[in-house]
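K.L.:
sequence-free structure coming up:
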Ligand SMILES: Cc1cc2nc3c(=O)[nH]c(=O)nc-3n(C[C@H](O)[C@H](O)[C@H](O)COP(=O)(O)OP(=O)(O)OC[C@H]3O[C@@H](n4cnc5c(N)ncnc54)[C@H](O)[C@@H]3O)c2cc1C
């Protein structure tokens, strides 16, 4: 009885799938297009690898049917992930918002232990092997770009999405899946910086502050988040912006007008800030308004904000009208920008969209279109929030595919 399982792609999901398949009795071969596995893992979590999150919730996942991932995330859950990596030598360190990192705070630790385990368990690995096509005929024939051929009983496709294409995941997996009969939903960058419309961006490029940002459609708040925000020459970045980006782009794709409201001072309401400013300005009536805002907000924001409110920077505070002070309070609690787009996949952390999950059995990750094919990780139409959720999906889906592919031996 043989059960040769070919795993295409040696990223997070592929490596986990291979280890799980081997653990459950499969004979495993990994084909990786790069000269080494796990290139993207090294870039995760700013080089620290946020490999899961103890506060995981199904609401952290998105796609046409986010419930698809519930079963996988429950079967190989956060505890399973932490235990799995502890067995491999990774001591977990839990940081803010439940994010879990290796205590070494080095993404390379996660990759090193996975590589060690793959070698130790005798899993065959061929690098510089880019798969072009899979054909079903008495099992599967996997054909590489250079026309070499490998034969297997089951195939797990773990080629990733399109985020950070230089890491090897450039969307070519969609072509492989389409040739097998799968459909691909619209794909767009997720967890990505946003482009804004404003003539002031050049002057505020590089200004960073702890703030709050919200996506508004027709004056209705859709989603907001807070944390460090960074203005850039093209728009805006920082963890809260990445978190909002999927929603912003979803609405933009529907040709809606998407407004981003940025609160530079979010600890006070508009009215509270207004009365605070009135009192503050009473203490400094002789100062210009430019000097009067020093110490309240980042100095580099003062002139742009005065331009935006049409207040002369040299105006003496005592001669400011109530209306002008109100405008200032307004913009400091809710600076409005039109979102025009996002940075490209090269800057994104994840791909929104992918292989249609209706075509996959969520208990096993097996294709409903071609039996014996399993599809996992970011290649599927599932993407998570920032915070370790995407890697958890890669581990969970990879583990389940490996487990199920190694069942039903021939
Ligand atoms: C900068 C950055 C930071 C991130 N930080 C985090 C984080 O801290 N926490 C978190 O949870 N998520 C993070 N993510 C997201 C996370 O890394 C991905 O969601 C996850 O790696 C997806 O795993 P995957 O195995 O599905 O795909 P990938 O990791 O992309 O792996 C796919 C593999 O398949 C190979 N491949 C592609 N095509 C072929 C082919 N035709 N033949 C053979 N091999 C092929 C690729 O070379 C690659 O090695 C980050 C992403 C980026 C870009």
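P.N.:
Good, I have the coordinates. Here the structure is a predicted model, which is why all the values come from computation and not from measurement. Residues are numbered from 1 along each chain as shown.
K.L.:
residues of the helix or strand hosting residue 275 that come out buried?
P.N.:
If you go by DSSP states H and E, residue 275 is part of helix 270-282. By neighbour count with 16 or more other C-beta atoms under 10 Å, helix 270-282 contains the buried residues 273, 274, 277, 280, 281. (Each C-beta comes from the backbone N, C-alpha and C, glycine too.)
K.L.:
elements contacting that helix?
P.N.:
helix 322-333 (3 or more C-beta pairs under 8 Å, 6 or more residues apart in numbering; DSSP states H and E).
K.L.:
and the helix it packs on with helix 270-282, angle?
P.N.:
120 degrees (axes from the mean of the first three to the mean of the last three C-alpha atoms, to 10 degrees).
K.L.:
which other helices and strands contact helix 322-333?
P.N.:
Using 3+ C-beta pairs under 8 Å, 6+ apart: helix 322-333 touches helix 270-282, helix 299-308.
K.L.:
Show me what counts as buried in the shortest one.
P.N.:
Residues of helix 299-308 classed as buried by neighbour count (16+ other C-beta under 10 Å): 301, 302, 304, 305, 306, 308.
K.L.:
Let me see the contact set for the first one.
P.N.:
With C-beta atoms under 8 Å, 6 or more residues apart in numbering as the criterion, the residues that contact residue 301 are 204, 207, 209, 264.
K.L.:
Other residues contacting the longest strand seen in the chain?
P.N.:
What stands out as the longest strand in the chain, according to DSSP state E, is strand 220-231. Residues from elsewhere that reach strand 220-231, judged by C-beta under 8 Å, 6+ apart: 201, 204-216, 236-241, 243-244, 247, 251, 262, 266.
K.L.:
just checking, which of those belong to strands?
P.N.:
Those of the contacts of strand 220-231 lying in strands (DSSP E): 208, 209, 210, 211, 212, 213, 214, 215, 216, 236, 237, 262.
K.L.:
Now these in TSV, please, with extra columns for neighbour count.
P.N.:
Putting these into TSV (neighbours: other C-beta atoms under 10 Å) gives the following:
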residue	neighbour count
208	14
209	17
210	13
211	20
212	19
213	25
214	19
215	24
216	19
236	24
237	20
262	23
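K.L.:
For those, please prepare a markdown table with the additional fields pLDDT and distance to residue 29.
P.N.:
As requested, those are arranged in a markdown table below (pLDDT from 0 to 100; distance: C-beta to C-beta, whole Å):
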| residue | pLDDT | distance to residue 29 |
| --- | --- | --- |
| 208 | 97 | 47 |
| 209 | 96 | 51 |
| 210 | 97 | 49 |
| 211 | 97 | 49 |
| 212 | 98 | 49 |
| 213 | 98 | 46 |
| 214 | 98 | 49 |
| 215 | 98 | 45 |
| 216 | 98 | 51 |
| 236 | 98 | 45 |
| 237 | 98 | 40 |
| 262 | 98 | 50 |
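K.L.:
Which two of the residues you listed have the greatest separation?
P.N.:
Farthest pair in the ones in strands among the contacts of strand 220-231 (C-beta to C-beta) is 208 and 216. Separation: 22.8 Å.
K.L.:
Am I right that residue 286 is in contact with residue 317?
P.N.:
Yes - with contact defined as C-beta atoms under 8 Å, residue 286 reaches residue 317; the gap is 7.3 Å.
K.L.:
I'd assumed residue 5 was in a strand, is it?
P.N.:
Yes - assessed with DSSP: H, G, I helix; E, B strand; the rest coil, residue 5 lies in a strand.
K.L.:
For beta bridges, what are the partners of it?
P.N.:
According to DSSP bridges, the residues that bridge with residue 5 are residue 28, residue 154.
K.L.:
if I pick it, what's in contact with it?
P.N.:
18, 21, 26-29, 152-156, 402, 405-406.
K.L.:
Now for those: which two are most distant?
P.N.:
18 and 153 (14.6 Å).
K.L.:
For these two, work out which one has more neighbours and name it.
P.N.:
Using other C-beta atoms under 10 Å as the criterion, residue 18 and residue 153 rank with residue 18 on top: 32 against 21.
K.L.:
And stretch 71-83, what's buried?
P.N.:
72, 73, 76, 77, 78, 80, 81, 82.
K.L.:
Pull up the gap between the third one and residue 85, please.
P.N.:
Taken as C-beta to C-beta, to the nearest Å, the spacing of residue 76 relative to residue 85 amounts to 12 Å.
K.L.:
Residue 42 and residue 102, how far apart?
P.N.:
13 Å.
K.L.:
For residue 184, the count of nearby residues, please.
P.N.:
Residue 184: 17 neighbours (other C-beta under 10 Å).
K.L.:
whoops, residue 194 was the one
P.N.:
Residues lying near residue 194 (other C-beta under 10 Å) number 26.
K.L.:
Can you name the residues bridging to it?
P.N.:
Residues in beta-bridge contact with residue 194 (DSSP bridges): residue 236, residue 342.
K.L.:
Who are the contact partners of it?
P.N.:
Per C-beta under 8 Å, 6+ apart, neighbours of residue 194: 235, 236, 237, 241, 244, 245, 248, 260, 339, 341, 342, 343.
K.L.:
nearest to the ligand, of the buried residues of helix 270-282?
P.N.:
residue 273 (35.1 Å; C-beta to the nearest ligand atom).
K.L.:
which one is that closest one nearest to, not counting chain neighbours?
P.N.:
residue 329 (4.2 Å; C-beta to C-beta, 6 or more residues apart in numbering).
K.L.:
what does residue 297 give?
P.N.:
Nearest one to residue 297, counting by C-beta to C-beta, 6+ apart, is residue 264 at 5.6 Å.
K.L.:
Same check on residue 389?
P.N.:
Per C-beta to C-beta, 6+ apart, closest to residue 389 is residue 60, 4.6 Å.
K.L.:
Next: residue 204.
P.N.:
residue 231 (4.2 Å).
K.L.:
Beta-bridge partners for the one you found, please?
P.N.:
residue 236.
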